[in-house]
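Novice: curious how this folds, go ahead:
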Amino acid sequence: MPVADANVFIRGKRTPFDSALTVPEVMDELESDSARRKFDFADVSVMNPSEESIEKVREKSEELNSPTSNIDEKLLALALDLNQAIVTDDKALQNLALHLEVEFEAYMTDGIDEKKRWEEYCPNCGRKVAGRCDRCGQKSTSRLV
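Specialist: Model (predicted):
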């Protein structure tokens with residue numbers, strides 16, 4: 001059974017599986033009636049990952065400067081615990097999965113196939129910075145490199 005990200009229920013006409021696993025917080029992200037119906041129809045089991053796996057995923061996320069959310073990291077930790085693939089179109093989550101050697105399946109887009117890191121840079125002058133650029137004051141943004 002795959003571990004399903006919220007975007008699988010939010011996007012598209014139907015889910016690519018009959019049953020799946022997810023974390024409790026995903027249910028909070030399903031705001032539309034359509035997404036909730038897809039969730040209910042898919043026979044989804046809700047579980048929490050181990051603290052050990054959550055910590056492992058968070059450490060790798062921090063190392064890569066990944067913009068993944070706490071929910072994304074819990075999903076990946078659950079996939080890690082159960083040795084299951086994660087179904088997501090979230091490129092940051094796919095990248096983190098690659099680094100942790102967790103299989104993933106893209107849902108409506110092409111998945112990534114190369115490990116990358118995120119870096120913060122100034123969108124105004126292009127310099128590698130964290131926070132605000134000391135040259136122009138612009139707030140940094142992230143990109144995959």
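Novice: tell me the centre residue of the chain?
Specialist: Leu93 (3.0 Å; Cα atoms, centre = their mean).
Novice: so it makes contact with Thr68?
Specialist: Yes. The pair Leu93 / Thr68 is scored as a contact, 5.6 Å apart, by Cβ atoms under 8 Å. Backbone N, C-alpha and C define where each C-beta goes, glycine included.
Novice: which neighbours do these two have in common?
Specialist: Shared contacts of Leu93 and Thr68 (Cβ atoms under 8 Å, 6 or more residues apart in numbering): Leu76.
Novice: can you give me the buried ones in the worst-scoring helix or strand of the chain on mean pLDDT?
Specialist: Counting by mean pLDDT, DSSP states H and E, the chain has its least confident helix or strand at strand 141-144, which shows a mean of 80. Across strand 141-144, burial judged by 16 or more other Cβ atoms under 10 Å covers Leu144.
Novice: same thing with stretch 114-129?
Specialist: Those would be Lys116, Trp118, Glu119, Glu120, Tyr121, Cys122, Val129, for stretch 114-129 by 16+ other Cβ under 10 Å.
Novice: sort the residues you listed by pLDDT and name the bottom one.
Specialist: For these, the weakest pLDDT value sits at Trp118, with 81.
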